[in-house]
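Q: need a structure here:
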Amino acid sequence: MTSGGQTPLRRTLSQMDYELLKKSPDIASIPPLQRFGFAKRRMHDIFAKFEQYLKDLNTFISDTCIHEQSDLSGDAMDVRNMLGQISSIVEVIDRDHMKVAFFGRTSNGKSTVINSMLKDQILPSGIGHTTNCFLSITGVDVQEPYLLRPDSPDKKHAQAIKRLSHSLSKECLDPNAIVRLYWPKTKCALIRDEVVLVDSPGIDMSPDVDGWIDTHCQDADVFVLVANSESTLMHSEKNFFRRVNAKLNQPNIFILNNRWDCSAGEDVSTREEVRSQHKERTIEFIVDELGLMTREEADQRIFFISAKEALKIRLQQSDGLSSGYEERYKEFEDFENRFEHCLSASAIKTKFHSHALRGRDIANSIYEMLTSIDERATNSRAASLNELKQKKQMLEFILKESKAVKEHFKKKIEAVGVHVEKLVSEALREEINRLSNTVDSFSYPFQKDYMNKYKAELESYLEENLGRNLMDRCHMRISAVYDEIKGELCGRVQQLLELQQHNQLGPTQAGLELQSAFEPIYQIDCQSLFMGFQAHLDFQFSFGPTAIARRVMGPKYSVFLGSLEADRNSGGVPCSSRSSVATEATRTDHVTPADGDILLFVATRLLPVFTSKAAVSATVVIATVYNVLGWRVIAASGTVYVGLYAYERLKYTNRAIERRYKQQFCDYASLKLQDIVIYTGNCCSTQVQRDLSSTLSRLLKCTDNGIKILKSQINDLEAEVRRLEVISRSTADRRRVISNYREDISQFLTMFGP
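A: All right, here's what the predicted structure looks like:
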């Protein structure tokens, strides 16, 4: 206490002090009432971060739960429940303050004690029944005090407190109501550190004590019983604390024997005897009957004061002070000191201790949950990696096997193509060899004037027969080879499909057969092929110059015809109009020149020969024959020659002309068909190869679909492995954070624990 009876204002705990104390806490260096503020800020920091941590964890668990389906649904629900609890704790911590409830009988000086502690005449006080309702005093950061009625949110001037709470006022409120007075912190050091003081009506004025306790005292940290030292504890006072003890667990009680200044006129021995009597009876009540504390602790909770004298001293009003006031004022200060220590410790214990324990339990549960999630993620990752390895091996095998199947059957298809080409070519050559029989079997009315119609029908007949005969010769053999390679192909692909577990269709089912039996097209376009054919159907005498030249010259006859054709083209020798039917596409061995052309050629080309020595010899021979045989023989020979001519000319009927036409057509067709033997075989080979290649491609597409699914599964598994790795890293990081929270809470409990 300084001169003038004033105590120094408490230093406010600054942010710098708070940060330093967080790093190296020294509770003893913090003033008692400020310890609560430090503890509150520390608890708020821990739990506010804990709350944000749980929000992030809830998001993490919810996102993970979406992928894990219902595997983490229980954990997600637990996290949401824990988040709700922590959020509630944060709200409670923000609202929490140190609350002191003053009780006693009417006119025992409760309001005067509070005014003395606040060092100001704040609450109405006086003789008789003064306070008619509950009054709470809370420190706020404002310049002017104000109050709130229980039935209105409007702020009222602080001076209205006497009108609302004084029992003699006509506007006084119901005893169970509470008027809240908000006093500037700058005017009072006690309420600067989040201390709320509650004044009450006399406990002997209302029978509803239980209602008072339930409504206004459930969250009180300290109860101060203001008794009248002129008497010992009354029944009403004892009964009140019995009810408090029944409703609250181990309430903190201070007992102030007020008006001890009345003992100033007594001698010292009498004063001490009365003091001892009051103290002993009080100790017996709170220790032996209520069992709230030990006798030593109870001895430190009982004080003999004069609140009126303390208020005068603090208001610097020295008149009316009785002798020995210094000792009574010192005891009042001792009460305040112990009260502050007890209030701070009690408030921290009642407000924060249970929250800290609950927070630690939640942190432990979160740590175990994250450990479980990490274990599940690790196990799932190991399983996914194993499955991924198997999938990759399967994919590699299928790709390798598909490539091998493709290369193998490409070679087989090429070999089948060569075989089919050879088979069809041989069959077509056989048909060419028996072409004359096929042509001879053709029957259609032959008229020389309608040769184009006859030719078209013959071509159609020949085309149909060639196609049918080729099919009869080749189809069974080609089908056998085709079915064999196709069956082998289906079997190999089916093995791949079974390996992919997509074997819903077997090798004999439609999914692998894909289509009906293959039938290559053997059709030969005879109309286009024989377009250049021109028949020479004019009568040709067997012993005419042309026939004789053919027989005499033999193979040289073709050379001779070539020379004749060259002369025609050069214009050196005019040719008969009958030879103009030959076209560019007609073979030279089918050209039959007119006899006049032969004679003309002999006259122009062979005449010089007669001048040679050999010719002279031949002339001599002819003259000799003529002399030997005579003209009769020559005439007879001529007659026979003419007869033969006439016979052949008469025999050259329409049927003979048709036979000649067919013979020329057959010769021409044989030559033309020989030209397309290789082409026809190649076409059939191409058809077979194209169909088998299409089948190979179509069947391999079945495996391609499985490969696509397998690749998609591999991508999904790789994504799942990456996701599980993220979960493992995230849970590891979150476990480190929650471990820090556990350490912070444990440090708080160690620092502020009982």
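Q: okay, CA-based contacts and neighbour counts for the rest of this
A: OK.
Q: which strands and helices sit next to the longest helix along the chain?
A: If you go by DSSP state H, the chain has its longest helix at helix 354-433. Here helix 354-433 touches helix 73-95, helix 451-499, helix 654-675, helix 677-752, going by 3 or more CA pairs under 8 Å, 6 or more residues apart in numbering; DSSP states H and E.
Q: now for these, which one comes closest to K55?
A: K55 lies closest to helix 73-95 among the helices and strands packed on helix 354-433, at 6.9 Å (CA to CA).
Q: which residues does the closest one contact?
A: With CA atoms under 8 Å, 6 or more residues apart in numbering as the test, helix 73-95 has contacts from 40, 43-44, 47-48, 50-51, 54-55, 57-58, 61-62, 65, 351-352, 355, 359, 362, 366, 369.
Q: 7 Å instead?
A: Residues from elsewhere that reach helix 73-95 (CA atoms under 7 Å, 6 or more residues apart in numbering): 40, 44, 47-48, 51, 54-55, 58, 61-62, 65, 355, 362.
Q: and whichever helix or strand comes after it, which strands flank it?
A: Heading C-terminal from helix 73-95, the first helix or strand you meet, by DSSP states H and E, is strand 98-103. In the sheet containing strand 98-103, its partner strands are strand 195-199 (parallel), strand 222-228 (parallel), by DSSP bridges.
Q: and R271, which of these is closest to it?
A: strand 222-228 (14.8 Å).
Q: can you read off the pLDDT for T282?
A: The model reports T282 with a pLDDT of 91.
Q: now D78
A: So, for D78, pLDDT stands at 86.
Q: now for it, how many residues are close by?
A: D78 has 17 neighbours, counted by other CA atoms under 10 Å.
Q: related to what we said a few turns ago, dump the strands paired with strand 98-103 into JSON lines; add distance to Y679 and mean neighbour count as well.
A: Shown next, in JSON lines, are the strands paired with strand 98-103 (distance: least, CA to CA, whole Å; neighbours: other CA atoms under 10 Å):
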{"stretch": "strand 195-199", "distance to Y679": "113", "mean neighbour count": "24"}
{"stretch": "strand 222-228", "distance to Y679": "116", "mean neighbour count": "23"}
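Q: how about these, which one is nearest K156?
A: Of all those, strand 195-199 comes closest under CA to CA, at 18.7 Å.
Q: please save the CA atoms from that closest one in CSV.
A: Taking Å, rounded to 0.1, in the frame of the first residue of the first chain, the C-alpha atoms of strand 195-199 are listed here in CSV:
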residue,chain,number,x,y,z
VAL,A,195,-13.3,-10.7,-13.5
VAL,A,196,-17.1,-10.5,-13.1
LEU,A,197,-18.5,-9.7,-9.7
VAL,A,198,-22.1,-10.7,-8.8
ASP,A,199,-23.9,-9.1,-5.9
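Q: contacts for that strand next, please.
A: With contacts defined as CA under 7 Å, 6+ apart, strand 195-199 is touched by 97-102, 110-111, 134-138.
Q: switch those residues over to a markdown table; also include distance to F748, pLDDT and neighbour count.
A: Output for the contacts of strand 195-199, formatted as a markdown table (distance: CA to CA, whole Å; pLDDT from 0 to 100; neighbours: other CA atoms under 10 Å):
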| residue | distance to F748 | pLDDT | neighbour count |
| --- | --- | --- | --- |
| H97 | 18 | 79 | 23 |
| M98 | 18 | 81 | 25 |
| K99 | 21 | 85 | 24 |
| V100 | 24 | 89 | 24 |
| A101 | 27 | 89 | 24 |
| F102 | 30 | 91 | 25 |
| K110 | 35 | 87 | 30 |
| S111 | 36 | 88 | 27 |
| F134 | 35 | 86 | 23 |
| L135 | 33 | 87 | 23 |
| S136 | 30 | 88 | 20 |
| I137 | 29 | 90 | 23 |
| T138 | 27 | 90 | 23 |
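Q: mind listing the helices for the stretch 1-150 of the chain?
A: For the stretch 1-150 of the chain, applying DSSP state H, counting those that start in this stretch gives helices covering 15-23, 32-68, 73-95, 110-118.
Q: reformat these as JSON lines; add distance to S263.
A: Formatted as JSON lines, the helices of the stretch 1-150 of the chain follow (distance: least, CA to CA, whole Å):
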{"stretch": "helix 15-23", "distance to S263": "46"}
{"stretch": "helix 32-68", "distance to S263": "32"}
{"stretch": "helix 73-95", "distance to S263": "43"}
{"stretch": "helix 110-118", "distance to S263": "18"}
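Q: nearest to V142, of the contacts of helix 73-95?
A: Nearest to V142 among the contacts of helix 73-95 is K40, at 21.6 Å by CA to CA.
Q: ok, that closest one - how many residues close by?
A: By other CA under 10 Å, the residues close to K40 number 21.
Q: which non-adjacent residue is nearest it?
A: Of all residues not flanking K40 in the chain, I93 sits nearest, at 6.7 Å (CA to CA, 6 or more residues apart in numbering).
Q: and S318, helix, strand or coil?
A: Three-state assignment for S318 (DSSP: H, G, I helix; E, B strand; the rest coil): coil.
Q: what sits against it?
A: Counting by CA under 7 Å, 6+ apart, S318 makes contact with K312.
Q: show me what the host helix or strand of D334 is packed against.
A: Element membership of D334 [criterion: DSSP H and E] is helix 325-347. Secondary-structure packing of helix 325-347 (3 or more CA pairs under 7 Å, 6 or more residues apart in numbering; DSSP states H and E): helix 32-68, strand 302-304.
Q: mind listing what's buried along that helix?
A: Buried positions in helix 325-347, judged by neighbour count with 16 or more other CA atoms under 10 Å: 325, 328-329, 331-333, 335, 338-347.
Q: please export the C-alpha coordinates of that helix as CSV.
A: Provided in CSV are the C-alpha atoms of helix 325-347 (Å, rounded to 0.1, in the frame of the first residue of the first chain):
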residue,chain,number,x,y,z
TYR,A,325,-8.1,-0.1,11.4
GLU,A,326,-4.6,-0.7,10.0
GLU,A,327,-4.7,-4.3,11.1
ARG,A,328,-8.2,-4.8,9.7
TYR,A,329,-7.3,-3.1,6.4
LYS,A,330,-4.2,-5.3,6.1
GLU,A,331,-6.4,-8.4,6.6
PHE,A,332,-8.6,-7.1,3.8
GLU,A,333,-5.6,-6.8,1.5
ASP,A,334,-4.6,-10.4,2.6
PHE,A,335,-8.1,-11.5,1.6
GLU,A,336,-7.8,-9.8,-1.8
ASN,A,337,-4.4,-11.4,-2.4
ARG,A,338,-5.5,-14.9,-1.5
PHE,A,339,-8.8,-14.3,-3.3
GLU,A,340,-6.9,-13.4,-6.5
HIS,A,341,-4.7,-16.5,-6.3
CYS,A,342,-7.7,-18.7,-5.5
LEU,A,343,-9.9,-17.1,-8.1
SER,A,344,-7.4,-17.4,-10.9
ALA,A,345,-6.5,-21.0,-10.1
SER,A,346,-10.1,-22.0,-9.5
ALA,A,347,-11.3,-20.3,-12.7
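Q: many thanks, we can stop here.
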